[in-house]
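Engineer: Pasting the sequence and the predicted coordinates here, then a few questions.
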Amino acid sequence: MLAGAVLELEDRAKLQDFIAQKKCLDLPPADASKGDTIFEYTVSDEGQWVHWNSLVTQYLYAEDSVPRFEFYNLHFHCEN
């Protein structure tokens, strides 16, 4: 759903409803009670809908280092 990626959340919901009314596509099993929309899914190489969070691995911070925030400080100062 690349076309909807540039839309605001409210407009994504409108586009999802519009597409669902057409009933011409096999849409992913988006669970609105969990906040899911069709925009949280991608198509696997096998042609199956896959939720993006099943493709993202958990990031584990190294225990023996301290995160550096210089970039974030610079970005903040440049924005203000």
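Structural biologist: That came through, no problem. Numbering: from 1, shown residues only.
Engineer: List the residues that contact the residue nearest the centre of the chain.
Structural biologist: For the chain, Glu40 is the residue whose C-alpha lies nearest the centre (C-alpha atoms, centre = their mean; 4.8 Å). Glu40 makes contact with 28, 30, 51-53, according to C-beta atoms under 8 Å, 6 or more residues apart in numbering. Glycine gets a C-beta too; all of them are placed from N, C-alpha and C.
Engineer: Show me which of those are buried.
Structural biologist: By neighbour count, with 16 or more other C-beta atoms under 10 Å, these hold 28, 30, 51 as buried.
Engineer: which of those lies closest to Leu60?
Structural biologist: Closest approach to Leu60 among the buried ones among the contacts of Glu40 (C-beta to C-beta): His51, at 21.2 Å.
Engineer: what about the closest one, distance to Gly4?
Structural biologist: 16 Å (C-beta to C-beta, to the nearest Å).
Engineer: re the thing from before, out of the contacts of Glu40, which are inside strands?
Structural biologist: His51 (DSSP state E).
Engineer: Which helix or strand lies directly C-terminal to the lengthiest helix in the chain?
Structural biologist: Under DSSP state H, the helix in the chain containing the largest number of residues is helix 9-22. Heading C-terminal from helix 9-22, the first helix or strand you meet, by DSSP states H and E, is strand 41-43.
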